[in-house]
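# Sequence unavailable; structure follows:
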């Protein structure tokens, strides 16, 4: 990795079990002049700790609203579109001999009417990442995380078995 200008940022074990500790989950970066910190995230969903890297001197703004652009298509706009198409004089299309020019004339006329009938509308949507993450899932993840930390710190086989059975029920 060093030959490509990358270096590892994770210095602690990423998987800790009763019998061993390993460091197989890494974050490699090629930015030498930035301050950063790396810390584990124990999510309770895996036997590996997630790794979070935080760059301390980079400012990144989070969008509060994401806008989408759609076309206004309803019964009224469709009727307007068909009406404008019916009133159009198609002489520049039908009288042309060259197929390429004929097609370009047709496409220009059609798109002009289409864009006039179905205008773009910019809609602002509230920024909400992780809509799928419900309150029940959050509570279950928190409980599983607590059980995992308790199980990982103790040598009690009863706690280990309870954690394993909770994980089976979780799936």
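Ah, there it is. Fair warning: this is a prediction, and the values are worked out from it, not measured in the lab.
# The closest residue to residue 17 other than its chain neighbours: neighbouring residues, count only.
Setting aside the residues directly before and after it, residue 17 is nearest to residue 47 in space (C-beta to C-beta, 6 or more residues apart in numbering), at 6.6 Å. All C-beta atoms are positioned from the backbone trio N, CA, C, and that covers glycine. By the measure other C-beta atoms under 10 Å, the count of residues near residue 47 is 12.
# any idea where the helices of the protein begin and end?
Remark: helices assigned in the chain by DSSP state H are 75-87, 91-94, 99-117, 135-153, 157-170.
# would you turn those into JSON lines with distance to residue 57, mean pLDDT and mean neighbour count?
Formatted as JSON lines, these follow (distance: least, C-beta to C-beta, whole Å; pLDDT from 0 to 100; neighbours: other C-beta atoms under 10 Å):
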{"stretch": "helix 75-87", "distance to residue 57": "50", "mean pLDDT": "95", "mean neighbour count": "12"}
{"stretch": "helix 91-94", "distance to residue 57": "60", "mean pLDDT": "87", "mean neighbour count": "13"}
{"stretch": "helix 99-117", "distance to residue 57": "46", "mean pLDDT": "93", "mean neighbour count": "13"}
{"stretch": "helix 135-153", "distance to residue 57": "30", "mean pLDDT": "84", "mean neighbour count": "14"}
{"stretch": "helix 157-170", "distance to residue 57": "39", "mean pLDDT": "79", "mean neighbour count": "13"}
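# Can you tell me which of those is nearest to residue 20?
helix 135-153 (12.3 Å; C-beta to C-beta).
# for that closest one, packing partners?
Packing partners of helix 135-153 (3 or more C-beta pairs under 8 Å, 6 or more residues apart in numbering; DSSP states H and E): helix 157-170.
# so the helix it packs on versus helix 135-153, what angle?
150 degrees (axes from the mean of the first three to the mean of the last three C-alpha atoms, to 10 degrees).
# Distance check, residue 145 against residue 45.
8 Å (C-beta to C-beta, to the nearest Å).
# Please read the previous query as pertaining to residue 150.
16 Å.
# rewinding a little: got a markdown table for the helices of the chain, with distance to residue 13 too?
Below are these laid out as a markdown table (distance: least, C-beta to C-beta, whole Å):
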| stretch | distance to residue 13 |
| --- | --- |
| helix 75-87 | 61 |
| helix 91-94 | 72 |
| helix 99-117 | 59 |
| helix 135-153 | 11 |
| helix 157-170 | 19 |
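# Which one, of those helices, ends up nearest to residue 2?
helix 135-153 (32.6 Å).
# coming back round to it: which one of the helices of the chain lies closest to residue 36?
Closest among these, using C-beta to C-beta: helix 135-153, at 24.6 Å.
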